[in-house]
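1. show me how the following folds:
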Amino acid sequence: MASDATALPLDPPTPVSALERTTLPIILALGISHLLNDVIQSLLPAIYPMLKVNYDLSFTQIGLITFTFQGTASLLQPVVGLYTDRRPKPYSLAIGMGISLVGLILLSRADHYGTILFSAALVGMGSSIFHPEASRIAHMAAGQRHGLAQSLFQVGGNVGTSLGPLAAALIIVPRGQPALLWFTILAAVGMAVLTRVGVWYQRHLASHLARVRSHQRAAAGRFSRSRIIASLGVLIALIFSKYFYLVSFTNYYTFYLIERFHVSVQGAQFYLFIFLFAAAAGTILGGPLGDRFGRKYVIWFSILGVAPFSLVLPHVGLVATVGLAAVVGAILASAFSAILVYAQELIPGKIGLIAGLFFGLAFGMSAIASAALGHLADHAGIEHVFFLCGFLPLIGLLTVFLPDVRKRPRSAIRG
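-> So this is what the prediction gives:
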């Protein structure tokens with residue numbers, strides 16, 4: 001890794017005007033890397049039913065696995081983001097993917113609960129390095145289309161997350177836990193792609209830093225400190241709503257379908273894939289719509305707009321449940337890109353810190369939700385979990401308190 005920003009490129013700096021253009025190949029490379037990273041991540045919850053049977057785990061123990069993985073990522077991501085704001089590390093992305101690879105190898109060989117937890121922590125550590133810096137590079141390569149760039153980056157992750165259960169159903173469930181080793185190939189490919197991205201990052205970093213400083217000066221004093229803190233509080237509440245509800249699906253939807261509708265484990269994995277694929281498809285909408293109409297309106301719709309469907313879902317049959325879950329996933333998934341870019345525009349110049357904070361919050365809320373909902377499922381039943389979580393999207397009403405952070409008219413961002 002390069003030491004710090006002052007020691008970086010020997011090449012002449014890229015003109016700042018060149019960074020105003022959208023560099024689509026880099027954004028797509030980041031999206032592909034995010035896909036590979038999140039396939040690896042999603043294998044863990046996808047094999048929960050198998051681990052539960054093989055190791056005789058309770059729902060609480062299942063929740064603690066995710067708590068370990070998500071908690072590790074949550075605590076480290078803001079630290080990584082803050083550090084790399086000051087000392088960018090162009091090749092840290094490949095290193096993060098390598099740590100996830102080690103975690104995957106250990107998970108394939110784990111023979112007791114403690115090793116599973118340690119493997120989950122390593123995968124979380126790899127993610128904590130990957131997400132803040134990858135989000136920064138997506139922002140850097142976006143030009144004027146920050147929402148589009150974050151959506152393309154995010155959709156890669158969501159597609160990867162959706163493929164995890166499918167891979168588990170087709171490869172791991174029939175062959176057992178050692179089949180996880182096949183997926184180390186994905187991690188190796190990701191490391192190669194991210195090394196190339198690191199070369200581009202290093203070449204353009206000096207000009208990017210100059211551009212960020214210019215935006216900081218232009219935005220100075222736009223919002224008061226109290227207004228910024230209040231807005232961040234609203235965004236945190238929205239992240240809470242989104243990820244508590246999302247975890248009820250990613251971790252417990254298969255158990256809900258098995259218990260309520262008596263589907264097979266393999267069948268439940270396919271239904272989870274439908275939900276996650278719908279979420280991946282919905283992700284691409286949030287960023288471009290935010291670029292055109294403003295982030296606030298996308299945030300409003302993507303959280304509160306879920307409520308009519310989430311409130312009905314626990315009271316319908318299997319076919320309607322699968323359909324409503326797909327609608328919920330598509331709408332809810334558009335929120336994160338809009339929230340992240342909104343926060344980055346609210347506090348310009350802290351791209352890595354904001355990315356680390358909000359990815360960390362996403363992982364942290366998921367960790368807490370996983371443990372809390374697992375405990376609730378043990379004591380009140382899995383169906384009660386989905387009934388209560390259906391009310392969470394109503395927190396989207398808080399969006400009314402967010403200021404409009406658009407800095408230019410819509411016509412200026414169409415190009």
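
2. CA only for contacts and neighbour counts going forward, please
-> Will do.

3. the helices in the stretch 1-150 of the chain, which residues?
-> Here the stretch 1-150 of the chain has its helices, by DSSP state H, counting those that start in this stretch, at 24-46, 48-55, 59-86, 92-109, 113-141, 146-167.

4. now for these, which one comes closest to L285?
-> Across the helices of the stretch 1-150 of the chain, L285 has its closest neighbour in helix 146-167 (7.2 Å, C-alpha to C-alpha).

5. who are the packing partners of the closest one?
-> With contacts defined as 3 or more C-alpha pairs under 8 Å, 6 or more residues apart in numbering; DSSP states H and E, the packing partners of helix 146-167 are helix 24-46, helix 113-141, helix 265-293, helix 335-346.

6. counting by contacts, list what the second one packs against.
-> Packed against helix 113-141 by the contact rule (3+ C-alpha pairs under 8 Å, 6+ apart) you find helix 24-46, helix 59-86, helix 92-109, helix 146-167, helix 351-380.

7. mean confidence score for the longest one?
-> Rounded to a whole number, the mean pLDDT of helix 351-380 is 82.

8. please work out which of the helices of the stretch 1-150 of the chain is packed deepest.
-> Mean neighbour count (mean count of other C-alpha atoms under 10 Å) peaks for helix 146-167 among those, with a mean of 27.

9. now do it against helix 24-46, angle only.
-> Angular relation of helix 146-167 and helix 24-46 on a 0 to 180 degree scale: 40 degrees, by axes from the mean of the first three to the mean of the last three C-alpha atoms, to 10 degrees.

10. moving C-terminal of helix 146-167, what's the next helix or strand?
-> Per DSSP states H and E, the first helix or strand lying C-terminal to helix 146-167 is helix 173-175.

11. now do that following helix: distance to the chain's middle.
-> Distance of helix 173-175 from its chain centroid, counting by C-alpha atoms, centre = their mean, to the nearest Å, is 27 Å.

12. same deal with stretch 353-362?
-> 10 Å.

13. ok, stretch 198-205 next?
-> On the basis of C-alpha atoms, centre = their mean, stretch 198-205 sits 24 Å off its chain's mean C-alpha point.

14. about what we covered before: of all the helices and strands packed on helix 113-141, which one is nearest L311?
-> Per C-alpha to C-alpha, nearest to L311 of the helices and strands packed on helix 113-141: helix 351-380, 17.5 Å.

15. list the buried residues of the closest one.
-> Going by neighbour count (16 or more other C-alpha atoms under 10 Å), the buried part of helix 351-380 is 351-377.

16. what's the angle from it to helix 59-86?
-> 170 degrees.

17. L402: which of the helices and strands packed on helix 113-141 is closest?
-> helix 351-380 (16.5 Å).

18. mind checking what helix or strand follows that closest one in sequence?
-> Proceeding N to C from helix 351-380, the next assigned helix or strand is helix 382-389, under DSSP H and E.

19. in that next one, what counts as buried?
-> I382, E383, V385, F386, C389.

20. contact partners of it?
-> Outside helix 382-389, the residues that touch it by C-alpha atoms under 8 Å, 6 or more residues apart in numbering are 244-245, 248, 252, 255-256, 259-260, 310-311, 314, 373, 376-377.
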